[in-house]
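# Kindly return the folded structure for what I paste below:
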Amino acid sequence: MTRVCAVLLLTLLLTPAWGQELKVGFVNLQRAISLSERGKSARVQFQASVKDKQDALRKEQQAIEKEQRDLQKQGVLMKESERAKAQLRFQRRVRDYERDKRDMQEELALREREITDGILKDLQKIIAELGKTGKFTMILERSQLLYTDKGTDVTDDVIKLYNERFKKTADKDR
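Coordinates of the predicted model:
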């Protein structure tokens, strides 16, 4: 509610003098990020990285489960001191696995944020350029608004410009 009020207040304050047109555009940044060529490419690379890390964790989890079954079977045949040492080793392995799992999740979340922030930074430049060339008074993020006219959504234009710009930089890098 406060954001809607802030947008309305901002609109009133930025309204040009009588007779001049107020032109407001809207962009869906999440859609622009996910549908842009760079966003799609980054998502594929990110998902491959996630799969590799999950596979490694899955293998470790299976090894832990096997060790637990072996310990349960052989534990009754072991001396008390051997069983205590084996259980201690097992507990350490489980603790290390849990730590690795948590570290992986944090690392992936950080990597995803870095990718998104990089694309978002470039998108903001494109949006500013589109705002100037399209003579918009302002361009707002669509997800923050309750209703907008479809005709004022510039997301497709932003994606098109971004893809053109990304293709040029990708071609230069080759």
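# thought residue 126 was touching residue 154?
No - look at residue 126 against residue 154 with Cβ atoms under 8 Å: they stay out of range, at 10.0 Å. From N, CA and C alone the C-beta is placed, and that goes for glycine too.
# immediately after the host helix or strand of residue 60, which helix or strand?
Taking DSSP states H and E as the criterion, residue 60 maps to helix 37-75. Moving toward the C-terminus from helix 37-75, the next helix or strand (DSSP H and E) is helix 80-133.
# ok now the helix holding residue 60, how far from the chain's centre?
Here helix 37-75 is found 21 Å from its chain centre; the criterion is Cα atoms, centre = their mean, to the nearest Å.
# list the buried ones in it?
For helix 37-75, the neighbour count (16 or more other Cβ atoms under 10 Å) marks 38, 39, 42, 53, 60 as buried.
# Now do that helix, average pLDDT.
Mean pLDDT, computed over helix 37-75, is 92.
# what packs against that helix?
Applying 3 or more Cβ pairs under 8 Å, 6 or more residues apart in numbering; DSSP states H and E, one finds that helix 37-75 makes contact with helix 29-35, helix 80-133, helix 155-173.
# contacts for the first one?
Pointing back at helix 29-35 there. 39-40, 43, 116, 119-120, 123, 141-143, 155, 158-159, 162 (Cβ atoms under 8 Å, 6 or more residues apart in numbering).
# The helix holding residue 60 vs helix 80-133, what angle?
Angle, helix 37-75 to helix 80-133, by axes from the mean of the first three to the mean of the last three Cα atoms, to 10 degrees: 170 degrees.
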